[in-house]
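>>> need a 3D model of the sequence below.
(one chain, ligands or ions: 1)
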Amino acid sequence: MTNVASAPLLQVDAITMRFGGIVAIDNLSLDVKQGQILALMGPNGAGKTTTFHVIAGVHKPTSGRILFQGQDITAMRPDGRCRAGVARTFQITQPFEQLSVTENIMVGARPFHHSMAELRKASEAFADQVGLGDRLDTPAKGLSTGQRKRLELARAMATRPKLLLMDEVTGGVDMKSIPGLIELVKSLRQGGLTIVLIEHNMKVINDLADEAIFMNRGARMVSGTPYQVATDPAVVELYLGEAKADDH
Ligand SMILES: Nc1ncnc2c1ncn2[C@@H]1O[C@H](COP(=O)(O)OP(=O)(O)OP(=O)(O)O)[C@@H](O)[C@H]1O
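Numbering: from 1, shown residues only. Reported below is the predicted structural model:
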């Protein structure tokens, strides 16, 4: 769709991640192009979060490589990856509850600024970018779920990422706040950010993603446009199977 150049920003190359006898990721390869929004879908336990952990450097894969901007970062620590331009947001937001919106963002932005005044100004600008410009002094504990997701995005943006791994940005958010979050993510992409989403909400995926990968048992089961994936018979069957199991 927008500004999608050909060279991949991120390459996940034949990653396998085992925890003892459990194969959480099974020989997964994927490319994320500059400017793209890629959605990872799949049932519980499919390996989506573990894939984020491996890309962010929380887990070293059992085998395979992670390349970022062509550089092999498989052995790089999470902080090194963050400095290189990989950021993430979490499904369950964990701001410092007593700190204000600005102060929470300052924590993420700190390494990039020399003076406190500069740091505060930049942090306020990130708050404004995510629509929290009128909540600068509000403690995180006073924010709604949607506002907490926005704060989480601002904290990630404060590290000046090239790639953002976004874990269920609309999860737990009330219906009426979702369109605003979708617009916010679109605006971040418009600003040049490349994004990988873990997402269950099909409307969100349809609105945002250029490509979707449906994972099952740690492997890529189906991929294509969001529509192709959502209408794939194997995907429909799997979700129907889950719905039936839930009935019992
Ligand atoms: N640290 C760990 N130790 C042992 N097993 C793990 C660990 N992390 C993940 N797993 C297992 O790996 C598999 C994939 O889990 P993962 O959390 O990546 O799935 P997921 O697709 O993100 O699921 P969900 O949608 O529920 O978050 C699961 O069987 C899980 O129990």
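
>>> secondary structure class for the residue nearest to Gln69 when sequence neighbours are not counted?
Leaving out its chain neighbours, the residue that sits closest to Gln69 by Cβ to Cβ, 6 or more residues apart in numbering is Leu9, at 6.3 Å. C-betas here are computed from N, CA, C, even on glycine. For Leu9, the assignment made with DSSP: H, G, I helix; E, B strand; the rest coil gives strand.

>>> ok, Leu9 - contacts?
32-34, 36, 68-69, 162-163, 194 (Cβ atoms under 8 Å, 6 or more residues apart in numbering).

>>> go again using 10 Å as the cut-off
Each residue near Leu9 by Cβ atoms under 10 Å, 6 or more residues apart in numbering is listed here: 31-36, 67-70, 85-86, 162-163, 194.

>>> report the buried members of the residues you listed.
32-36, 67-68, 85-86, 162-163, 194 (16 or more other Cβ atoms under 10 Å).

>>> ok, which residues in this structure are in contact with the ligand?
Residues of the chain lying close to the ligand by Cβ under 6 Å from any ligand atom are 19, 22, 24, 42, 44-50.

>>> using TSV, lay out those together with pLDDT, secondary structure and neighbour count.
Shown next, in TSV, are the residues of the chain next to the ligand (pLDDT from 0 to 100; DSSP: H, G, I helix; E, B strand; the rest coil; neighbours: other Cβ atoms under 10 Å):
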residue	pLDDT	secondary structure	neighbour count
Phe19	97	strand	10
Ile22	96	strand	10
Ala24	98	strand	24
Gly42	94	coil	24
Asn44	91	coil	8
Gly45	93	coil	14
Ala46	96	coil	22
Gly47	97	coil	24
Lys48	97	helix	26
Thr49	96	helix	19
Thr50	97	helix	22
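
>>> of all those residues, which two lie farthest apart?
Farthest apart among these by Cβ to Cβ are Phe19 and Gly42. That separation is 17.6 Å.

>>> now, which of the buried ones among the contacts of Leu9 lie within helices?
Residues of the buried ones among the contacts of Leu9 located in helices (DSSP state H): none.

>>> want to try JSON lines for the residues you listed, with distance to His113 and pLDDT as columns?
What follows is those, written out as JSON lines (distance: Cβ to Cβ, whole Å; pLDDT from 0 to 100):
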{"residue": "Val32", "distance to His113": "29", "pLDDT": "97"}
{"residue": "Lys33", "distance to His113": "31", "pLDDT": "96"}
{"residue": "Gln34", "distance to His113": "26", "pLDDT": "95"}
{"residue": "Gly35", "distance to His113": "27", "pLDDT": "94"}
{"residue": "Gln36", "distance to His113": "30", "pLDDT": "96"}
{"residue": "Leu67", "distance to His113": "30", "pLDDT": "97"}
{"residue": "Phe68", "distance to His113": "24", "pLDDT": "97"}
{"residue": "Gly85", "distance to His113": "17", "pLDDT": "95"}
{"residue": "Val86", "distance to His113": "20", "pLDDT": "96"}
{"residue": "Lys162", "distance to His113": "19", "pLDDT": "97"}
{"residue": "Leu163", "distance to His113": "22", "pLDDT": "98"}
{"residue": "Thr194", "distance to His113": "24", "pLDDT": "98"}
